[in-house]
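1. Based on what follows, work out the 3D shape:
(one chain, ligands or ions: 1)
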Amino acid sequence: MNVMKLIIVLTLAYFHIPLAKCTTRFNINLKHHIDLSYGSPAYKHCECGRRNTNQPQNTRIVGGTEVFENEYPWMTLIIGNGSRLVCGGSLLNDRYVLTAAHCLLRGFRQNEMKVVLGEHDRCNGDLKTVVFSVEKLIPHPDYHSGTNYADIMLLKLNMRVTFNEYIRPICLPNILTRTTTTIKFNGKTVSALGWGENDISKKVCTLHKVKLKLYHPIDCPTKVSTLLCAGISSGGQDACQGDSGGPLQILNDKGRYELIGIVSNGIGCGDKGFPGFYTDVARMITWVVKITTRDSMYCWR
Ligand SMILES: *[C@@H]1O[C@H](CO)[C@@H](O)[C@H](O)[C@H]1NC(C)=O
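-> Numbering: from 1, shown residues only. Sure, this is the predicted structure:
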C-alpha cells in the first residue's frame, strides 16, 4: 500500500465513511411487475402447441363441436370496426399472428382492425382476453386473389404478448421438412377452429372445432400449389369449417399441435364429400421465418 492510499483509508476511517462496497440492497418491489425472467410463470408458459386440458367446471360442450374455454390458446380473433368478425388467426410467437391474405378483402384497414387473444365467447366479455392493435399488415407478396395462391398474411401486433395459461403460441411445422405436408400427414385426422362462417345468418358466439381428414394431393381438386385439401371424413355431418384465416392443426407425435394449414377459399358449410382448401403452411415457412425472426421470440420447446 502506497502512502497516498494509506492517507485516504485513514481519512475515511476518521470520518466514519464506509469504504465503497458492492451492496445487493435494492428495494424495488417486484410483486407488481410482469416477470419474464427464466423460471418465471410467463417463461414457463412459453411452450408451443400445448392445449389446455384442465377445464373449468362450468364449461359445457354443446353439439360435440364446441371446444373448452381456452382449450387452444393460440386461437386468435380478428375484429374490425368494433366487434365485426374479420377472420380467425393463430398466434405464432410473442409478436405475430398468422392468418389468410384474403382477409383483406373484407375491406377493413389496418387501423380499423383489432386482434383479440384468449377469446372463447366473442358475444360476452370476459377478463381473460387481451386486445392488440395491428402495427403492420404483411400479406405474402405473391398473394393472388383470383386463385388464392399464397393466401397467407402476417399481422404484427403493436405490443409484445406475455404468455399465460390462456395465451400461448402454436408450433410451426418442421422447417426442414422435405416431403410435402399432405404426403407426410396423408389421411391423418386434423382439425379446424373458428367462430363460424360470417355469412351465415345465425351468429356463432363460442369457438368451434371440426375434425377433418387430410386429402392426398391426387384427390385434391385444385391446381394451386400452395393449397392443400381437407374434408369431413364421416359424411352426414353439417359443420362449418371455421373462419377464414383460422388454423388447420394436427397433433404431432410429441403431443403438440402444429399449424399445417390456414383456412382459405372454397370453404362452404358442410358440402358433403367436397373438401375445403387450406394454405399449406409448411410450403410458406421460409417466408414466415424470414419476416418474423428478427423482432419476435418463438417458443420452440
Ligand atoms: C369502418 O368504419 C369506417 C369509419 O366509420 C368506415 O369508413 C369504413 O368503411 C368501415 N369499414 C368497413 C369495412 O365497414
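
2. Against Tyr298, how distant is Asp253?
-> Distance of Asp253 to Tyr298, computed by Cβ to Cβ, to the nearest Å: 20 Å. No exception for glycine: its C-beta is placed from N, CA and C like everyone else's.

3. Those two: which has the busier surroundings?
-> For Asp253 versus Tyr298, the count of surrounding residues by other Cβ atoms under 10 Å is larger for Tyr298: 18 against 5.

4. how about that one, what does it touch?
-> Shown in contact with Tyr298 (Cβ atoms under 8 Å, 6 or more residues apart in numbering): 48, 92-93, 169, 172, 292.

5. please redo it, this time with the cut-off set to 7 Å
-> Asn93 (Cβ atoms under 7 Å, 6 or more residues apart in numbering).

6. Not counting sequence-adjacent ones, nearest residue to the residue most central in space within the chain?
-> The structure's the chain has its C-alpha centroid closest to Leu91; by Cα atoms, centre = their mean the separation is 1.5 Å. Nearest residue to Leu91, sequence neighbours excluded (Cβ to Cβ, 6 or more residues apart in numbering): Trp74, at 4.3 Å.

7. do you know how far Asp253 is from Gly49?
-> In terms of Cβ to Cβ, Asp253 sits 12 Å off from Gly49.

8. Ile183 too?
-> 21 Å.

9. Looking at these two, which is more packed in?
-> The neighbour count for Ile183 versus Gly49, taken as other Cβ under 10 Å, is higher for Gly49 (23 against 12).

10. I'd assumed Ile170 was in contact with the more buried one.
-> Yes - with contact defined as Cβ atoms under 7 Å, Gly49 counts as touching Ile170 (5.3 Å).

11. Spit out the residues that contact these two alike.
-> Taking Cβ under 7 Å, 6+ apart as the contact rule, Gly49 and Ile170 both touch Tyr257.

12. sorry, back to before: surely the residue nearest to the centre of the chain touches Pro169?
-> Yes - using Cβ under 7 Å, Leu91 is in contact with Pro169, at 4.8 Å.

13. which residues do the two both contact?
-> Residues touching both Leu91 and Pro169 by Cβ under 7 Å, 6+ apart: Trp74.

14. quick one, what contacts the residue nearest to Trp300 when sequence neighbours are not counted?
-> Excluding the flanking residues, the one nearest Trp300 by Cβ to Cβ, 6+ apart is Cys48, at 6.9 Å. By Cβ under 7 Å, 6+ apart, Cys48 lies in contact with 169-171, 256, 299-300.

15. Against Ile260, how distant is Cys48?
-> Taking Cβ to Cβ as the measure, Cys48 falls 14 Å from Ile260.

16. Check Ile218 too.
-> 18 Å.

17. neighbour count winner among the two?
-> Ile260 (27 against 7).

18. so which helix or strand takes in that one?
-> According to DSSP states H and E, Ile260 maps onto strand 257-263.

19. Which positions in stretch 65-85 come out as buried?
-> 65-80, 85 (16 or more other Cβ atoms under 10 Å).

20. Please, where are all the helices along the stretch 1-150 of the chain?
-> Ranges of helices within the stretch 1-150 of the chain are 3-14, 41-44, based on DSSP state H, counting those that start in this stretch.

21. Least confident of the ones you listed, on average?
-> Of all those, helix 3-14 carries the lowest average pLDDT, namely a mean of 69.

22. ok so, going back, roughly how far out does the strand holding Ile260 sit from the chain middle?
-> Computed by Cα atoms, centre = their mean, to the nearest Å, the chain-centroid distance of strand 257-263 equals 10 Å.

23. what sits against the residue nearest to Leu91?
-> Trp74 neighbours (Cβ under 7 Å, 6+ apart): 90-91, 168-170.

24. helix or strand right after the strand holding Ile260?
-> Per DSSP H and E, the first helix or strand lying C-terminal to strand 257-263 is strand 276-280.

25. who does that next one touch, helix- and strand-wise?
-> In this structure, strand 276-280 packs against strand 227-231, strand 257-263, with contacts taken as 3 or more Cβ pairs under 7 Å, 6 or more residues apart in numbering; DSSP states H and E.
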